[in-house]
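Enquirer: Sequence and predicted structure, then a few things I'm wondering about:
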Amino acid sequence: MTAPDFEIVVIGAGQAGLSVGYHLRRLGLTPGVDFVIVDHSPGPGGAWQFRWPSLTLSTVNRVHDLPGMSFTETLPAGSDSVPAATAVPHYFELYEKRFDLQVRRPVSVRVVCDRATTATCPGTSVDGLLHVETAAGENRSAAGVSVVPPPVTGDDGLPSTAREAGTAAEPDGSTPRDAFTDPGSPDEPSAAADSRRSTDAATGLPGATGETLRARGVINATGTWEKPFIPYYPGAETFAGRQLHAHDYRSAAEFAGKHVVVVGAGISAVQLLDEISQVTSTTWVSRTEPRWREGPFGPDEGRRAVAMVEDRVRRGLPPRSVVSVTGLPVDDRIRAARARGALTWHPMFARIEPEGVRWADGSFRAADVLLWATGFRSALDHLAPLRLRGPGGGITMTGQLATRVAADPRIHLIGYGPSASTIGANRAGRAAAVELTRYLGLP
């Protein structure tokens, strides 16, 4: 068997990837020798570095500590008003340095393919390893690891991938199929790519400037920020105003004097409604009626919520967000927004017209902006050649915290299903590190 470049490749250096790195070190593995973390972003911070400026430490839905280092010890006194996009990347940078995680960036992962057996690759290229094909310095605008260039946005502001997938997407906002969804995806990279290898002159590590890293195991921690989701509604391409996803939101001030329709029933939708409604008129719609949660949310409630999400992925069903189970927390900001009428909810419209949106009963609302706070999908397109997705539409997961792919124990997914939260990512990072090293017989 060919010797691997690394025993384990960790893809992504957000909360989940850093947690994995910490636990791999604790288990006796050496960064840059036994394992490597690759990250596509220009600097530390994961998706946090791209959040809108008005999302501060006083408004964010909590930042959980990484293992071994407190977030608060990196903050100055009176930092509630500091943007999360500044404070969290600073924390991650200090964390990477303290534990010498040697994150390789910017490195974009194009594809991961299996060269283990003749059934998964041409016989001449079998080496028993997973090949992580990379390219350096591409697409630095989003967190995690780049899979392919982001969707091209048309003049209507709607990503072309979402628009073109319209015939596959249901009006209720269900997920359209894509290259990764299809277990029969033909996107198998050529064997010639295996021979493309490079070494960074400064470090001597293969793959620093591209192209293929060979490993015995992969822990994927790319999260969801790469994959903003916009469901298709009839007439979307005819809208004369502006359409954008919460992913691209920067400031409420840019909408002053315009009527904004905010679509979505999650935390981001509520936060953006709160901000935008203070400078202009808004309408709030979503496919399902929002569920509010009054009072404290204790550990027992948290465990029950995570268990419900975990049950789906263990059965091979597409994951749902934790907030869809927990409901939206009610705090003083929410009460104030309610008092000024900003949180009056309406059911989802039926179609989009050039000047606004129309409901099934014929009622119409003129609009200048459609802001889609409709969530994200797991950024897993680069795993398409592994054909992990099953007939249930999801990936069947197993292991202590449902991080291990049932069909291939060499691969763990963090940020998929119950681990798609900062606290879930920490716990999942440890579980994945322990289970994968044990499976590979390390250290």
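Expert: Looks like it arrived, so ask away. Residues are numbered from 1 along each chain as shown.
Enquirer: Tell me how far Leu436 lies from Gly429.
Expert: For Leu436, the distance to Gly429 (CB to CB, to the nearest Å) stands at 11 Å. For glycine as for every other residue, the C-beta is placed from the backbone atoms N, C-alpha and C.
Enquirer: and if you look at Glu435?
Expert: According to CB to CB, Glu435 and Gly429 sit 11 Å apart.
Enquirer: before we move on, what about Leu383?
Expert: Per CB to CB, Leu383 is found 18 Å from Gly429.
Enquirer: Compare these two (neighbour count), which wins?
Expert: Legend: neighbour count by other CB atoms under 10 Å for Leu383 and Gly429, higher for Gly429 (31 against 27).
Enquirer: quick check, the more buried one in a helix?
Expert: Yes: with DSSP: H, G, I helix; E, B strand; the rest coil as the criterion, Gly429 is located in a helix.
Enquirer: Please name every helix or strand in contact with the host helix or strand of Asp300.
Expert: Secondary structure from DSSP states H and E places Asp300 in helix 299-314. For helix 299-314, the elements it packs on are helix 323-326, strand 397-398, judged by 3 or more CB pairs under 8 Å, 6 or more residues apart in numbering; DSSP states H and E.
Enquirer: tell me the most buried of those?
Expert: strand 397-398 (a mean of 20; mean count of other CB atoms under 10 Å).
Enquirer: any idea how far whichever helix or strand comes after it is from the chain center?
Expert: Downstream of strand 397-398, the next assigned helix or strand under DSSP H and E is strand 404-405. Distance, stretch centre to chain centre, for strand 404-405: 18 Å (CA atoms, centre = their mean, to the nearest Å).
Enquirer: swap in stretch 117-134?
Expert: That offset, for stretch 117-134, works out to 28 Å (CA atoms, centre = their mean).
Enquirer: hmm, back to that, mean pLDDT for the helices and strands packed on helix 299-314: which is lowest?
Expert: Here the lowest mean pLDDT among the helices and strands packed on helix 299-314 goes to helix 323-326, at a mean of 73.
Enquirer: residues making contact with the helix or strand just after that one?
Expert: Next helix or strand after helix 323-326 toward the C-terminus (DSSP H and E): strand 328-329. Residues outside strand 328-329 that contact it (CB atoms under 8 Å, 6 or more residues apart in numbering): Asn61, Ala265, Gly266, Ile267, Val270, Pro290, Arg291, Trp292, Arg293, Phe297, Ile334.
Enquirer: Same question for stretch 255-262.
Expert: So stretch 255-262 is contacted by 241, 269, 272-273, 276, 279-285, 349, 356-357, 365-371, 373 (CB under 8 Å, 6+ apart).
Enquirer: how far away is Thr437 from Gln49?
Expert: Thr437 is 30 Å from Gln49, where distance means CB to CB.
Enquirer: Tally up the residues packed near Phe239, please.
Expert: For Phe239, using other CB under 10 Å, the count is 22.
Enquirer: got any ranges where the chain has weak pLDDT?
Expert: Where the chain drops to pLDDT under 70, the residues are 1, 61, 124, 136-210, 297, 322, 423.
Enquirer: Quick one: the helices in it, in order.
Expert: Ranges of helices within the chain are 15-26, 84-98, 160-164, 267-276, 299-314, 323-326, 332-339, 422-440, based on DSSP state H.
Enquirer: tell me the most buried of those?
Expert: Note that of the helices of the chain, helix 15-26 is the most buried (mean count of other CB under 10 Å), with a mean of 27.
Enquirer: between that one and helix 422-440, how big is the angle?
Expert: Interaxial angle of helix 15-26 relative to helix 422-440 (axes from the mean of the first three to the mean of the last three CA atoms, to 10 degrees): 40 degrees.
Enquirer: you'd agree Glu211 is up against Val132?
Expert: No: using CB atoms under 8 Å as the test, Glu211 is too far from Val132 to be in contact (9.6 Å).
Enquirer: Now the most far-flung residue of the chain relative to its centre: phi and psi?
Expert: Distance from the centre of the chain peaks at Gly362, with 36.7 Å (CA atoms, centre = their mean). In terms of degrees, to the nearest 10, the main-chain angles of Gly362 are phi 100, psi -10.
Enquirer: wait, what's in contact with it?
Expert: Neighbours of Gly362 in contact, by CB under 8 Å, 6+ apart: none.
Enquirer: Now with 10 Å, please.
Expert: Shown in contact with Gly362 (CB atoms under 10 Å, 6 or more residues apart in numbering): Ala350.
Enquirer: go on, Thr283?
Expert: 259-263, 273, 344-346, 349, 356-357, 365-367.
Enquirer: Can you get me the start-to-end distance on stretch 286-305?
Expert: With CA to CA, to the nearest Å as the measure, stretch 286-305 spans 22 Å from end to end.
Enquirer: how far does that stretch sit from the chain's center?
Expert: Chain-centre distance of stretch 286-305: 21 Å, with CA atoms, centre = their mean.
Enquirer: go on, stretch 10-18?
Expert: Its chain's C-alpha centre and that of stretch 10-18 lie 11 Å apart, by CA atoms, centre = their mean.
Enquirer: What of stretch 49-56?
Expert: 16 Å.
Enquirer: so how far does that stretch reach from one end to the other?
Expert: 12 Å.
Enquirer: Buried residues of it, list them for me.
Expert: The neighbour-count check on stretch 49-56 (16 or more other CB atoms under 10 Å) flags Gln49, Phe50, Arg51, Trp52, Ser54, Leu55, Thr56 as buried.
Enquirer: mind listing what the third one touches?
Expert: Think Arg51. Contact analysis of Arg51 by CB under 10 Å, 6+ apart lists 45, 60, 83-86, 88-89, 143, 225, 246-247, 249-250, 268.
Enquirer: ok, now with 7 Å
Expert: By CB atoms under 7 Å, 6 or more residues apart in numbering, Arg51 lies in contact with Ala84, Ala85.
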